[in-house]
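[1] Here is a sequence with its predicted model. Questions after.
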Number of protein chains: 2
Amino acid sequence: MKFCSICGRHVELRVPDGDNRLRFCCAHCGTVHYENPKLVVGTICVLDDRVLLCRRAIEPRYDFWTLPAGFMENDETTSAGAQRETIEEAGANIALGPLFAMIDVPHVNQVHLFFRATMLDARLDPGPESLDAGLFLEEDIPWDALAFRTVAQALRWFFADRRNGAWMVHTGAIDPRSRWPGEGQKTPPGDASGSPMP
Amino acid sequence: MKFCSICGRHVELRVPDGDNRLRFCCAHCGTVHYENPKLVVGTICVLDDRVLLCRRAIEPRYDFWTLPAGFMENDETTSAGAQRETIEEAGANIALGPLFAMIDVPHVNQVHLFFRATMLDARLDPGPESLDAGLFLEEDIPWDALAFRTVAQALRWFFADRRNGAWMVHTGAIDPRSRWPGEGQKTPPGDASGSPMP
């Protein structure tokens, strides 16, 4: 950020009076431009014993598989956002269930929420952000080709709860130093759970 | 938003290619300025059978009582943010517990998260955003002087679960048309659960 979106003058990075963090501030009109984490909302959607995954047609993680999910929009609820993303990315006709997982991704200033959902029929119609959409048995999940750590974590919790016959709400956080297929010990820029998900 | 924060030129409100929503777009540098909901994170913090509330020293809802909570910051987790806000607003020494409630407030583009927490000692030291902080038995909660609908809803769920002896993760959404003490049927501007919480 270089310019004030209100008045167009240059902003400066400083700690406002009464604050304790650096913010982009406009000395001309006095606006403090706060920046806060974004919510990513999606579903773990099943048809019988199979789970819905989409193959990404966009960067980051083009050609990798993901749960249908994306940035929550203004003027919607978390659950409405999760349902909207599932329709947009997979063209699925679903009944939304309860919140299943909340995963912090602090190194990219995101919080990922996944709701359980059920497909009402077998039709899929992948949107422009998906190369493909498909239904996977647990033993067929492409673990080495999943797009994001949060997706892998949510799926692991999902299959564990299903085996236990007891659904919980799971919470956790992604450690950027943790190992991920195809990466070294350190997350490369523009990759992994971190990158913006359109 | 009138100006591009990247290049300083005027932005225009239009639907970008491949999108279906109005966004502030810069025709000069091509930046699309997305706006997304913000997370408010806080605690329901107890010492024995009493709950910690803070009396607000800032607008909106100056002089009304609230659970300690505020906007989640970049570079932190939801739970770290909830703990930070409890320290900043009440000066309490706490042990953070699990997620308790997630409440959508779509008419102001916020999602409120409350974690359970326990005070490790009885000391309180209200910060500059609080006129006062105190511990309340259920029968002494100032229901008519609570700052936000989400606070009232979280407290109602909390006392119900405590009576039942079974803790759940609760989710819900605030309907802006619902009645609230001191308001008419419609939420006035600058009031109620909606207004920005610094």
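    Looks like it came in fine. Numbers count the residues shown, from 1 in each chain, chains lettered A, B, ... in the order given.
[2] which parts of the longest helix along chain A are buried?
    What stands out as the longest helix in chain A, according to DSSP state H, is helix A:149-164. For helix A:149-164, burial by neighbour count (16 or more other Cβ atoms under 10 Å in any protein chain shown) applies to A:149-155, A:157-158, A:161. C-beta: built from backbone N, CA, C; applies to glycine.
[3] try stretch A:96-104
    For stretch A:96-104, by 16+ other Cβ under 10 Å, it's A:96-97, A:99-104.
[4] List just the nearest of the buried residues of helix A:149-164 to A:Asp49.
    Set against A:Asp49, the nearest of those by Cβ to Cβ is A:Phe158 (11.7 Å).
[5] now the spatially closest residue to the closest one that is not a sequence neighbour, what's its secondary structure?
    Spatial nearest neighbour of A:Phe158, excluding adjacent residues (Cβ to Cβ, 6 or more residues apart in numbering or on different chains): A:Ile44 at 5.2 Å. Counting by DSSP: H, G, I helix; E, B strand; the rest coil, the backbone at A:Ile44 sits in strand.
[6] Quick one: residues contacting the closest residue to A:Asp75 other than its chain neighbours.
    Excluding the flanking residues, the one nearest A:Asp75 by Cβ to Cβ, 6+ apart is B:Pro106, at 5.9 Å. Listed by Cβ atoms under 8 Å, 6 or more residues apart in numbering or on different chains, the contact set of B:Pro106 reads A:75-77, A:80, B:37, B:173-174.
[7] same check, this time on A:Arg55
    Here A:Arg55 is in contact with A:63-66, A:130-134 (Cβ under 8 Å, 6+ apart).
[8] Filter those down to the buried ones, PyMOL style.
    Listed next is the PyMOL selection for buried residues among the contacts of A:Arg55, using 16+ other Cβ under 10 Å:
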select buried, chain A and resi 64+65+66+130+133+134
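[9] Quick one: the strands in chain A, in order.
    Per DSSP state E, chain A carries strands over the ranges A:12-14, A:23-25, A:32-33, A:38-47, A:50-56, A:65-66, A:69-71, A:94-105, A:110-119, A:130-136, A:170-173.
[10] Turn these into CSV, columns for mean pLDDT.
    As requested, the strands of chain A are exported to CSV (pLDDT from 0 to 100):
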stretch, mean pLDDT
strand A:12-14, 97
strand A:23-25, 98
strand A:32-33, 97
strand A:38-47, 98
strand A:50-56, 98
strand A:65-66, 98
strand A:69-71, 98
strand A:94-105, 98
strand A:110-119, 98
strand A:130-136, 98
strand A:170-173, 98
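[11] What's the separation between the spatially most central residue of chain A and chain B?
    Geometric centre of chain A, nearest residue: A:Val40, 3.8 Å, by Cα atoms, centre = their mean. According to Cβ to the nearest Cβ, to the nearest Å, A:Val40 stands 10 Å off from chain B.
[12] same thing with A:Val11?
    8 Å.
[13] Tell me who's in contact with that residue.
    So A:Val11 contacts A:1-4, A:24-26, A:33, B:5 (Cβ under 8 Å, 6+ apart).
[14] Just give me the neighbour total for A:Ile87.
    By other Cβ atoms under 10 Å in any protein chain shown, the residues close to A:Ile87 number 16.
[15] Disregarding residues adjacent in the polypeptide, which is nearest to it?
    Per Cβ to Cβ, 6+ apart, closest to A:Ile87 is A:Ile94, 7.7 Å.
[16] Surely A:Thr171 is in contact with B:Pro98?
    Yes: between A:Thr171 and B:Pro98 there is a contact under Cβ atoms under 8 Å: 7.0 Å.
[17] Dihedrals phi and psi, the residue lying farthest from the centre of chain A?
    Computed with Cα atoms, centre = their mean, the residue of chain A farthest from its C-alpha average is A:His28, at 36.7 Å. The phi/psi pair for A:His28 (degrees, to the nearest 10) reads phi -80, psi -50.
[18] ok, it to B:Met1 distance?
    A:His28 is 16 Å from B:Met1, where distance means Cβ to Cβ, to the nearest Å.
[19] same check, this time on A:Glu76
    20 Å.
[20] Of the two, give the one with the bigger neighbour count.
    A:Glu76 (17 against 12).
[21] quick one, what contacts that one?
    A:84, B:106.
[22] next one: A:Leu137
    So A:Leu137 contacts A:49-50 (Cβ under 8 Å, 6+ apart).
[23] thought A:Ile44 was touching A:His112?
    No: judged on Cβ under 8 Å, A:Ile44 makes no contact with A:His112 at a distance of 11.7 Å.
[24] Overlap of the contact sets of the two?
    A:101, A:154.
[25] Just the pLDDT for A:Ala122.
    The model reports A:Ala122 with a pLDDT of 97.
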